[in-house]
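In: my questions concern the predicted model and sequence given below.
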Amino acid sequence: MKIAVIGGGAGGIAAAIYAKRNNMKNSVTVFERGDRILKKLLATGNGRCNLSNESISPENYFSHTPDSLEQILSAFPENEERQFFASLGILLCSESGRIYPYSRRANAVSDALRFECERLGIKICTNSFIDRVLVKDKLFIIKGEQFDSVIISCGGMSAPSFGTDGNSFKLLKALGHTVTPTCYALSPVKVRENVKSLKGIRVHCSVTLYDKNNMVKQEEGELQLTDYGLSGIVIMQLSRLAAKGSTITVDLMPDFSQEELSEFLTERRKKLSHLKAEDFLTGFLHKALGQYILGRCGISASLPASKLEENEIFRLAKELKKLSFTVDCVLGKEQSQATSGGALLSEFNTKTLESKKHSGLYCIGEALDCVGDCGGYNLHWAWTTAYIAGKAVSKCLK
């Protein structure tokens, strides 16, 4: 059987390996538009390659047809995932539930996958952009060559420098599949407020997204402040749901109620009466962030702490508990890590990921309508769908 895999990312290469391992008689060809395979994988986890997570459940994912997720995710249990990496010679470790290669280096994973492709005799065609797949007499024609089966695995539309510019969606639409509305996910957010003075500050906090005063979602963790706005895992988890004009509030003191915080600041004013206001919050808050909050409250940095009025203490406590920002836009393309939306899952057999419209056509990874949280969930989705489709295509009889 001749199998074509369109897209040489993590999912595509894993699917090619499974397809070949399950039937060594198969001829497997990977078409990659870039000059090398696994380019995006090298940037995963800031180069450390966050492969997966110890806690995988449908709640970690979003899809327009969520009922399909449990069956798909359960088909690739943790022991199967670990056996796959072990078979490649990759030793794993975990940090706070996140699974990494023991070397904490993405190139260790890309090299291992590449070596396995070479061992199995999988043909890799780089600089091969596929803009259409023809179907004729139950065969698929790609660049004039006939294939029995095709796996579409060329990703979503985030990070186009890695070759993921939405081409998978064009291919799938041309083949009659429905593509749900797409947007950038796991992205930083640009805000309307001037936050240039806060660039580089990181703080543990609780962050809440509001749409017209209605709470949409809340996250707790590390917030990264930039010269244009907000970043970090807590923001990326919210970004899919954010829109221009949305409000994001930051609780810088989640362990205190506002009343407790007011009492704390009142007592602090007595103990540190010799300080100026600019240093009053130093000790539990980054100095530049403290000064920014003073400015938001209209309090002069040169004011002696002893002169802080009760209403100023109240305003400080309120701002510390609910520092608000207005979303100007969600940064996409190169800044986003994933795409929300994609090929409708209900149009594929969840046991095999084979198209219900074309026998022998499979779809995996980010091309499907599923996006995961930060923390290795999206790469886990790539491995999972590659496992399902790779095994199924190797057994496909046409």
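Out: In hand now; what should we look at? Numbers count the residues shown, from 1 in each chain.
In: is R33 in a helix, a strand, or coil?
Out: Secondary structure state of R33, per DSSP: H, G, I helix; E, B strand; the rest coil, is coil.
In: my read: Y377 touches I56, true?
Out: Yes. The pair Y377 / I56 is scored as a contact, 7.1 Å apart, by C-beta atoms under 8 Å. For every residue, glycine as well, the C-beta is placed using N, CA and C.
In: quick one, strands of the stretch 101-250 of the chain?
Out: Counting by DSSP state E, counting those that start in this stretch, the stretch 101-250 of the chain has these strands, from start to end: 123-125, 134-136, 139-142, 145-147, 149-152, 183-185, 189-191, 202-211, 214-225, 229-231, 247-251.
In: deepest-packed of those, please.
Out: Among the strands of the stretch 101-250 of the chain, strand 149-152 has the highest mean neighbour count (mean count of other C-beta atoms under 10 Å), at a mean of 29.
In: which residues touch it?
Out: With C-beta atoms under 8 Å, 6 or more residues apart in numbering as the test, strand 149-152 has contacts from 1-7, 12, 15-16, 19, 133, 140, 142, 168, 171-172, 360-364, 367, 389-390, 393, 396, 398.
In: buried only: go through these for me.
Out: The neighbour count (16 or more other C-beta atoms under 10 Å) marks 1, 3-7, 12, 15-16, 19, 133, 140, 142, 168, 171-172, 360-364, 367, 389-390, 393, 396 as buried among the contacts of strand 149-152.
In: filter these down to just the ones in strands.
Out: 3-6, 140, 142, 361-363 (DSSP state E).
In: which single one of the residues you listed is nearest to C117?
Out: V5 (10.4 Å; C-beta to C-beta).
In: okay, and the beta partners of that closest one?
Out: Using DSSP bridges, the bridge partners assigned to V5 are V30, I151.
In: list the buried residues of stretch 76-88.
Out: Neighbour counts over stretch 76-88 (16+ other C-beta under 10 Å) mark 76, 81, 84-85, 88 as buried.
In: what's the closest non-adjacent residue to C297?
Out: Using C-beta to C-beta, 6 or more residues apart in numbering and skipping the chain neighbours, the partner closest in space to C297 is R315 (4.4 Å).
In: contacting residues for the one you found?
Out: Neighbours of R315 in contact, by C-beta under 8 Å, 6+ apart: 297-299.
In: swap in R240?
Out: With C-beta under 8 Å, 6+ apart, R240 has these contacts: 62, 183-186, 340, 371.
In: would you reformat the residues you listed as CSV and include pLDDT?
Out: Formatted as CSV, the contacts of R240 follow (pLDDT from 0 to 100):
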residue, pLDDT
F62, 96
C183, 91
Y184, 89
A185, 91
L186, 93
S340, 93
V371, 96
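In: and the two most separated of those residues?
Out: Counting by C-beta to C-beta, the most remote pair of the contacts of R240 is F62 and Y184, 13.3 Å apart.
In: okay, and the common contacts of these two?
Out: Both F62 and Y184 are in contact with 240, 340, where contact means C-beta under 8 Å, 6+ apart.
In: buried subset of the contacts of R315, written for ChimeraX?
Out: Buried residues within the contacts of R315, by 16+ other C-beta under 10 Å, are selected in ChimeraX with:
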select :297,299
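In: in helices, which of the contacts of R315 fall?
Out: Taking DSSP state H as the definition of helices, the contacts of R315 contribute C297.
In: isn't F140 right up against A4?
Out: Yes. Contact criterion C-beta under 8 Å: F140 and A4 qualify, at 6.6 Å.
In: quick check: the two most widely separated of the ones in strands among the buried ones among the contacts of strand 149-152?
Out: I142 and C363 (15.2 Å).
In: mind listing what the nearest residue to S128 once chain neighbours are set aside touches?
Out: Using C-beta to C-beta, 6+ apart and skipping the chain neighbours, the partner closest in space to S128 is F31 (4.4 Å). By C-beta under 8 Å, 6+ apart, the residues touching F31 are 4-8, 125, 128, 130, 142-143.
In: so which of those residues would you say is closest to G229?
Out: Proximity of the contacts of F31 to G229 was ranked by C-beta to C-beta; the top entry is G7 with 31.7 Å.
In: who are the contact partners of the closest one?
Out: G7 makes contact with 30-32, 152-155, 163, 168, 365, 367, according to C-beta under 8 Å, 6+ apart.
In: distance of the residue lying closest to F280 once chain neighbours are set aside from R119?
Out: Once flanking residues are discounted, F280 sits nearest to A305: 4.6 Å by C-beta to C-beta, 6+ apart. From A305 across to R119, the span is 69 Å (C-beta to C-beta, to the nearest Å).
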